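> I'd like to go over a predicted model; first the sequence, then the structure.
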Amino acid sequence: VFQVVQRLARAQTTVLVLGETGAGKEVVSEQIHRASPRAAGPFVRLSCAALPEALLESELFGHEKAAFTGADRRKIGYFEAAQGGTLLLDEIGELPLAMQAKLLRVLESRRMARIGGTQEIELDVRVVCATHRDLQAEVAAGRFRQDLYYRISTFVLRVPPLRERRAEIALLAHRFAHQVAGRMGEPAPRFAPAAMRVLEAHAWPGNLRELRNAVEHAVVLAEAGVIEVEHLPASVVEGDAAPLSAGAPGSAGAPAEGGPMPARLAELEKKSIEEALAAEGNNQTRAAKRLGISRRALLYKLDKYDIRR
């Protein structure tokens, strides 16, 4: 991917970056900008899914003072803010059809006018688009304009999901651990071999975002500078195990005697914590010592199992 990025960066080609949520589309898009002759200019990102339809046109193209009720001053839009640089239109698949037509006009003419204005502004902006949606399917369903699709897909760059890049998992996990530990003012813990095997075996449906969250979870709980399997989130350790149904036999929220092993172990852990707290008169420090874990780890588990403090 980054070999292609280096070549793309030298061109002014409009790029469509495709990939699952959390796979790193924004990182790749920014690298296209950083490796390009526009690197000294701004890199501006707009998430098309983050704004209501009524605000999108104003955010993209800006507006003049008094253009509409509440417009008490001139506003510079994202296109103007990106002059001389690169504009990333993230989640472009969420763009409403009416706005798609206006965007197509601007991309074709390389000119725009602010809302309420008459003067056209020449644009010197490279546009990179990104989405997790299958835009060809969206075109077939009538939710995305075919002419806009062809305009933005001059070059399509697919960012593979993390499960197809397993060789990167250890490197990324160590990097995230250093970042999290640095924010906590602590040295980064190392990963026990068993913990790293769990990370490398997981499917990572949430991609880098899920991995970052899992590592942060583990760093918070890790003792003695080592991340063990038990410090990782249950969703990572247990994989895609289906949750118990609400109508399962047994007490409320408790697994049946023959239920899945992870759920039975979780119930045993919860019971052990409750017994330790009862034995120590609800003193959390002594209960944690009795359980052989840190007080910080105990606090996390109290929240996890919704045990009243």
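Yep, it's here. Numbers count the residues shown, from 1 in each chain.

> give the helix, strand or coil label for the closest residue to Ile152 other than its chain neighbours.
Nearest in space to Ile152, with sequence neighbours left out and distances taken as CB to CB, 6 or more residues apart in numbering, is Cys129 at 4.7 Å. C-beta coordinates here come from the backbone N, C-alpha and C atoms, glycine included. Following DSSP: H, G, I helix; E, B strand; the rest coil, the label given to Cys129 is strand.

> show me what contacts Cys129?
14-17, 88-90, 92, 152 (CB atoms under 8 Å, 6 or more residues apart in numbering).

> relative to Val219, how far out is it?
Distance, Cys129 to Val219, using CB to CB, to the nearest Å: 35 Å.

> go on, Ala288?
In terms of CB to CB, Ala288 sits 18 Å off from Val219.

> do Leu16 as well
Applying CB to CB to Leu16 and Val219 gives a distance of 36 Å.

> what are the ranges of the helices in the stretch 201-309 of the chain?
Secondary structure of the stretch 201-309 of the chain by DSSP state H, counting those that start in this stretch: the helices cover 207-221, 234-237, 261-279, 284-291, 295-304.

> thinking again about what came up before, the contacts of Cys129 in strands, which ones?
If you go by DSSP state E, those have 15-17, 88-90 in strands.

> which one of those residues is nearest Gly239?
Val17 (28.8 Å; CB to CB).

> isn't the closest one right up against Ser153?
No - counting by CB atoms under 8 Å, Val17 sits too far from Ser153 to count as a contact (10.5 Å).

> hang on, isn't Gln100 packed against Gln146?
No - under the criterion of CB under 8 Å, Gln100 makes no contact with Gln146, lying 10.3 Å away.

> comparing these two, which residue is more hemmed in?
Gln100 (19 against 13; other CB atoms under 10 Å).

> who's in contact with the helix or strand hosting that one?
Assigned by DSSP states H and E, Gln100 falls within helix 97-109. Residues outside helix 97-109 that contact it (CB under 8 Å, 6+ apart): 14, 53, 56-57, 60-61, 79, 89, 95, 112, 123, 127, 143-145, 147-148, 151-152.

> show me what Leu89 is bridged to.
Leu46, Cys129 (DSSP bridges).

> residues contacting it?
46, 48, 95, 103, 127-130.

> that one and Gly182: what is the separation?
32 Å.

> and if you look at Gly19?
Gly19 is 28 Å from Gly182, by CB to CB.

> of those two, who's got more company?
Taking other CB under 10 Å, Gly19 and Gly182 do not tie; Gly19 has more neighbours (20 against 11).

> show me the contacts for the nearest residue to that one once chain neighbours are set aside.
Of all residues not flanking Gly19 in the chain, Val159 sits nearest, at 3.4 Å (CB to CB, 6+ apart). Val159 makes contacts with 1, 17-19, 23-25, 28, as judged by CB under 8 Å, 6+ apart.

> mind checking which of these are in helices?
25, 28 (DSSP state H).

> please check the contacts of Val159 and keep the buried ones.
17-19, 23-25, 28 (16 or more other CB atoms under 10 Å).
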